[in-house]
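# Got a sequence here, can you build the structure:
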Amino acid sequence: MVAINPTNMENKIPFRWTYIVLPVAFLLLSLVLTAIFYSRLTSEIAYHFQGDTPDRWLGRSAVITWMIIPQALFTILAFVIARVIMLGARYWPPESTPLKKLLPVMGNMLALPQIILFFAMLQFFLYNAYQIKMMPLWIIAVIVMVLGGIILVVFFIRIVREFRSRQVKSSQE
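Numbering: from 1, shown residues only. The predicted model follows:
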């Protein structure tokens, strides 16, 4: 049996930006998109549509705030999740968990709602600046969720296979 030492430094996982690269990327993309479209937007932005016609309007600053703040919060939450998992790894025996491979998936998983927010922002900006409508947001959300689910299933199958092969090897010794 492996003794668990709370000050065990061999279990320490160093922080890598790859753990939160997607949330940071979508936050930065949202900021760039805002900078590009800000001067092209009117003071009132249509944010809700009944069919093809807008039926609810909000001030430009309010729409931008309601789009950027969640992006920033998801990025901060991804960082916190990565750090908490990294700290918790000190208390687990090194051979008992495939955390080093799961950590990038767990931290970057928060990019899924960020992608949907990014496309919502893009849709609002394109309509209000150029009267261009993209595909409905619910279709984008379904596509993102299905693709994200497939990627997660593939990752977890790989991790489970690796974990089981380790257990088989250790039981044969």
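# What segments of the chain are strands?
Per DSSP state E, the chain carries strands over the ranges 44-50, 53-59.
# Quick check: which helices or strands does the first one pack against?
By that I understand strand 44-50. For strand 44-50, the contact count by 3 or more Cβ pairs under 8 Å, 6 or more residues apart in numbering; DSSP states H and E identifies strand 53-59, helix 60-88, helix 111-130 as packing neighbours. The way it works is simple: take the backbone N, C-alpha and C, and place the C-beta from them, glycine included.
# residues near F79, how many?
Neighbouring residues of F79 were enumerated by other Cβ atoms under 10 Å; the total is 17.
# quick one, what contacts it?
The contact partners of F79, taken as Cβ atoms under 8 Å, 6 or more residues apart in numbering, are I20, P23, G107.
# nearest residue to S30 other than its sequence neighbours?
Leaving aside its sequence neighbours, S30 sits nearest to Q71 (Cβ to Cβ, 6 or more residues apart in numbering; 4.7 Å).
# about what we covered before: and the strands of the chain as TSV, adding distance to I132 and mean neighbour count?
Formatted as TSV, the entries for these read as follows, by distance: least, Cβ to Cβ, whole Å; neighbours: other Cβ atoms under 10 Å:
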stretch	distance to I132	mean neighbour count
strand 44-50	12	15
strand 53-59	13	12
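# Compare those strands and report which one is nearest to L122.
L122 lies closest, by Cβ to Cβ, to one member of the strands of the chain: strand 44-50, at 12.7 Å.
# average pLDDT for that closest one?
Looking at strand 44-50 alone, the average pLDDT works out to 86.
# List the neighbouring strands of that strand plus their orientation.
With DSSP bridges as the test, strand 44-50 is paired with strand 53-59 (antiparallel).
# What angle do helix 111-130 and the strand it pairs with make with each other?
Note on geometry: by axes from the mean of the first three to the mean of the last three Cα atoms, to 10 degrees, strand 53-59 and helix 111-130 are set 100 degrees apart in direction.
# Run the angle between strand 53-59 and helix 60-88 for me.
Interaxial angle, strand 53-59 versus helix 60-88 (the same axes, to 10 degrees): 80 degrees.
# What are the contacting residues of strand 53-59?
When contacts are defined by Cβ under 8 Å, 6+ apart, strand 53-59 is touched by residues S43, E44, I45, A46, Y47, H48, F49, W66, Y127.
# who touches the nearest residue to V21 once chain neighbours are set aside in this structure?
For V21, the nearest residue in space outside its immediate sequence neighbours is N108; the separation is 6.5 Å by Cβ to Cβ, 6+ apart. Applying Cβ under 8 Å, 6+ apart, we find N108 in contact with Y19, I20, V21, L22, P23, A78.
# circling back: same list, the contacts of strand 53-59, but as a markdown table with distance to V146 please.
As requested, the contacts of strand 53-59 are arranged in a markdown table below (distance: Cβ to Cβ, whole Å):
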| residue | distance to V146 |
| --- | --- |
| S43 | 38 |
| E44 | 35 |
| I45 | 29 |
| A46 | 28 |
| Y47 | 26 |
| H48 | 25 |
| F49 | 24 |
| W66 | 26 |
| Y127 | 25 |
